Every structure is written in C-alpha cells, then in structure tokens.
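Undergrad: Quick one, fold the following:
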Amino acid sequence: MRFLLIIFINLAQASLRQRDTCNDQEINNECLVVCDGEFFDCTKNCENSECSRKCIDELDVCENSCPCGADCPTGCVDCPEHPLCADECEDAQLNNNDYKICVNAAIYELSDVFILVIPSSADESYLQSGDGSSQISATINAPENNYAYYAAHALVNGKLHIFGGSSDRTKIARLDDCSLNELTVRLNEERYVGHAALSIENGKKALICFGWTGDIRKTCEIFDGSTTVSTFASDWTHYRGGLGLYKNQPASVGCDYEEHQKAETLSATGWTALPDHPKRISSHSLVALENQSLLLIGGIDHGNYGGSQSGIWQLKDENWNQIGELLQPNYAGSAIYIGRSVYYFGYVSKAIERLDLTEETEELQNVEQIGNQPRNFYFPVLFQTVPNFCT
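TA: Have a look, this model is predicted:
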C-alpha cells in the first residue's frame, strides 16, 4: 500500500511539472529533485497513514516554495532568498563542479591577507587566510621534500628566497610560481641551522647571518640577487638570535649557546651595542614596525630553566618593555607583519596567533588565535601572497 502511495505521489508530481515554464525552470527541476529526496526519506520510516499524510503535506510545501512553484510563480525574482537562487558558489559542492574555486572565492571576500607557509617538508605547505577562515593545502615543488628544513628566508626584489639549511648548507633558492629553484650563486659560508635572513635596502638585498658552529656564529653576508658579499663580524654570537630592523638598521638579540642578553645593530661601520634584553633569550621572532621600534615575540627564556616564554617585547627609544603576551608560550615560531597585524606561527603549541596593532601609533591592541598549524613546524617559511596561490 505504501509503495502504491509513493507511485501515486510521483505521478502527481510529474503532472505538476508540465505546467507553464518560467525563467528558472532548470532551478525548479533541481528543487523538485530535492523535494523528492526529502519525501522518500520521510516516508521510508512511516508505519501508518497519518505519518504518510504528514510527508505528503511536507512535500507539497517544499514544491510550492521552489522557484516556479505556487509561491514563486515567476522564479527566483519572487524568492531570491531560496538556497538554489543564490549565486553559483552557494552550495557549490551540490550544484557545480567548481567547488574548490567557489570556496576560495568566498574566502577571498572575507579576507584580504593570505600567507603561504612552507614547513620543513614541502609537501605539507599550506595557504593560511589572515582572518582564520581557511587553511588550504598548497603544492610547492622542490628538488627535495626537506628543501626548506632549517633554511632561513627573506624577500629580494619581491621574490621569496631561502638560504642554507640541512639539505644544502650553502644553497640559495628562489620561489618562482610554485617551485623553489636553486640559483647558481652560493652562500660564502655553510649555514646549516640557527642562522637568520632579513630583507634590507628596501627589499633589494638580503642579509644572512650566524649559524651552527665556529666563527660563522658571528658572521654575515649580503645577497643582492646575483652575488654574495661578506660583511662585518660581531663580537657576540647570535645563534638563534634572529634578525629584525630597529630604526631601519639590522638588529639581533640574544643567543642559544652563550645564553646572553646582548642586542646589537649593524651599520656601515660594523656592529653597535643596543640595550640588553631583560631575559637571556633565544629562538624568538623579531619584527620591525613602521614606528622604528622592534618587537620580540616568544622564545626560550634561559633564565627560567630554558622554558618557553609568552612575552611580547618592544624595543623603542632605547628601552625594552613587555607590551603584551601570546595566548600560549612559544619558541622557534615565525612571524610576518602585514598591514597592522603581526601573524605568529608557533612551533611548540602549533597555534597561529594574530597580533593586531592600532592604525596610527602601532600600539598592541589585541591578540587572537586564528588557527593551528597541522604539525609542530620549526621556523616555517612565510610569504604573503594571493588567494588560490598554488592550491
């Protein structure tokens, strides 16, 4: 009996679908298929006529609400808020084959910041949106999967470059489209781990400093896109001390092995002392602000049994002050400054945190977690890019 009832209803629907067409007949057909499916799901569990009658009533309501139905006789003009009347990206996983493109387009409307993250394994690269609404896998081609492992990175002439690392201690590679391509020019020193790189001279060159052992823990070199030139050696080692800009001059703070608090800045005449940091710090991130100050984020506090610290410190007007805290202690993370926000990708907690600054004075306003890294990525390579980049 129930089977005959379903046949009768389907025949009734077939006759209704022969009514005069409207401008959105294809959408009407799609809607009726959805109604059919809901009706079938409703009736398959019915054990009595009352239940079946309720299903029929719900089917009638569903069909009437369809574009070109009784409630929307001229189509989507009458019911623009119907789910099937939305743009092509609405319910794209059901209605078209360009789901991925539609999702990314919707994300782009919500966020204008996109950060490519290349971790130690290139096949785990991903694109992170600045508002935390998406994290999408990215395909980055490299000569070896561990090509970026322990490498330092900086922009030169708008192009992302990586320097040294475990796969090749003197390599210089450039990201072209979605591929890391090794250049013929090499670093002068073997920089395996613990070194840092920084864009200088308005992004025309990169400064690469420090490293694992011996004198290279004090040395630097400059890459101009085609050659490398050695520069002044510091009196202090800054292994895992990082590089940032303070008053438009390269600066480094702290060290791992020697566990000192020394901060220095590099000029054309050599290294000059800055005020000591309050902590014996290493494995932190340094970020320059437009107000000529320097932020130090996270790191290992060697005065606290080598534990992670959550402090956000600022060097301004020759003074260090703690201006805030990360939501979770972290070290060996990477940071990038975009607009008036600093994005910090933590290693220990995997947390991705956004530090929002005020527009005029760049004072710390808010710290928010916008996501998590898939794994514990050590000093991942970061690059601001466009939506859908290599996805």
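Undergrad: all contacts plus neighbour counts: C-alpha atoms, from now on.
TA: Fine.
Undergrad: Domain ranges for this protein, per the record?
TA: Taking automatic domain parsing as the domain assignment, the ranges for the chain are 2-86, 105-385.
Undergrad: Could you list the low-pLDDT ranges of this protein?
TA: Counting by pLDDT under 70, the chain contains low-confidence residues at 1-21, 40, 86-111.
Undergrad: Have a look at it and report its longest strand.
TA: Using DSSP state E, we find that the single longest strand of the chain is strand 319-330.
Undergrad: partner strands of it, parallel or antiparallel?
TA: Each strand paired with strand 319-330, and its direction, by DSSP bridges: strand 307-316 (antiparallel).
Undergrad: Please list the outside residues in contact with stretch 68-86.
TA: 21-25, 27-28, 31, 63-67, 90-91 (Cα atoms under 8 Å, 6 or more residues apart in numbering).
Undergrad: between those, which has the most around it?
TA: P67 (31 neighbours; other Cα atoms under 10 Å).
Undergrad: Can you give me every residue that contacts that residue?
TA: P67 touches 24-25, 27-28, 31, 73-76, 78-79, 82, 85, counting by Cα under 8 Å, 6+ apart.
Undergrad: Any chance of TSV for these, columns distance to S137 and secondary structure?
TA: Below are the contacts of P67 laid out as TSV (distance: Cα to Cα, whole Å; DSSP: H, G, I helix; E, B strand; the rest coil):
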residue	distance to S137	secondary structure
D24	37	coil
Q25	38	helix
I27	33	helix
N28	36	helix
C31	33	helix
P73	44	coil
T74	42	coil
G75	39	coil
C76	36	coil
D78	40	coil
C79	37	coil
H82	32	coil
C85	30	helix
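Undergrad: need these in a markdown table with distance to S134, can you?
TA: Shown next, in a markdown table, are the contacts of P67 (distance: Cα to Cα, whole Å):
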| residue | distance to S134 |
| --- | --- |
| D24 | 33 |
| Q25 | 35 |
| I27 | 30 |
| N28 | 33 |
| C31 | 30 |
| P73 | 39 |
| T74 | 37 |
| G75 | 34 |
| C76 | 31 |
| D78 | 34 |
| C79 | 31 |
| H82 | 26 |
| C85 | 25 |
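Undergrad: ok, these vs G244, which is closest?
TA: Taking Cα to Cα as the measure, G244 lies nearest C85 of the contacts of P67, at 51.3 Å.
Undergrad: For the closest one, grab the count of nearby residues.
TA: There are 18 residues near C85, going by other Cα under 10 Å.
Undergrad: Let me see the ranges of the helices in this protein.
TA: 2-16, 25-43, 49-65, 92-95, 99-110 (DSSP state H).
Undergrad: Are there helices or strands packed against the third one, and which ones?
TA: Put plainly, it is helix 49-65. Packed against helix 49-65 by the contact rule (3 or more Cα pairs under 8 Å, 6 or more residues apart in numbering; DSSP states H and E) you find helix 25-43.
Undergrad: contacting residues around the helix it packs on?
TA: 51-52, 55-56, 58-59, 62-63, 66-69, 75, 84-85.
Undergrad: what about 6 Å?
TA: 52, 55, 59, 62, 66-68 (Cα atoms under 6 Å, 6 or more residues apart in numbering).
Undergrad: same check, this time on stretch 182-195
TA: With Cα under 6 Å, 6+ apart as the criterion, stretch 182-195 contacts 150, 164-166, 169-173, 209-212, 239-240.
Undergrad: Just the residues you listed: which are in strands?
TA: Those of those lying in strands (DSSP E): 172-173, 209.
Undergrad: coming back round to it: nearest to N141, out of the contacts of P67: which one, please.
TA: C85 (40.2 Å).
Undergrad: quick one: contacts for G214?
TA: Contacts of G214 by Cα under 6 Å, 6+ apart: none found.
Undergrad: one more time with 10 Å
TA: T237 (Cα atoms under 10 Å, 6 or more residues apart in numbering).
Undergrad: Can you tell me the closest non-neighbouring residue to the residue nearest the centre of the chain?
TA: Against the mean C-alpha coordinate of the chain, by Cα atoms, centre = their mean, the closest residue is Q128 at 2.3 Å. Once flanking residues are discounted, Q128 sits nearest to Q135: 4.6 Å by Cα to Cα, 6 or more residues apart in numbering.
Undergrad: about what we covered before: most neighbours, which of the ones in strands among the contacts of stretch 182-195?
TA: Counting by other Cα under 10 Å, top hit in those: C209 with 31 neighbours.
Undergrad: Could you list which residues are in contact with it?
TA: Counted by Cα under 10 Å, 6+ apart, C209 has contacts 152, 189, 191, 194-198, 216-222, 230-231, 233-234, 237-239, 241-243, 252.
Undergrad: let's see it at 6 Å
TA: 195-196, 219-220.
Undergrad: That one bridge partners, please.
TA: Applying DSSP bridges, one finds that C209 bridges with A196, C220.
Undergrad: circling back to that earlier point, from the contacts of P67, pick the one nearest A263.
TA: C85 (60.8 Å).
Undergrad: Please report how far the closest one lies from E63.
TA: Going from C85 to E63 by Cα to Cα, to the nearest Å gives 15 Å.
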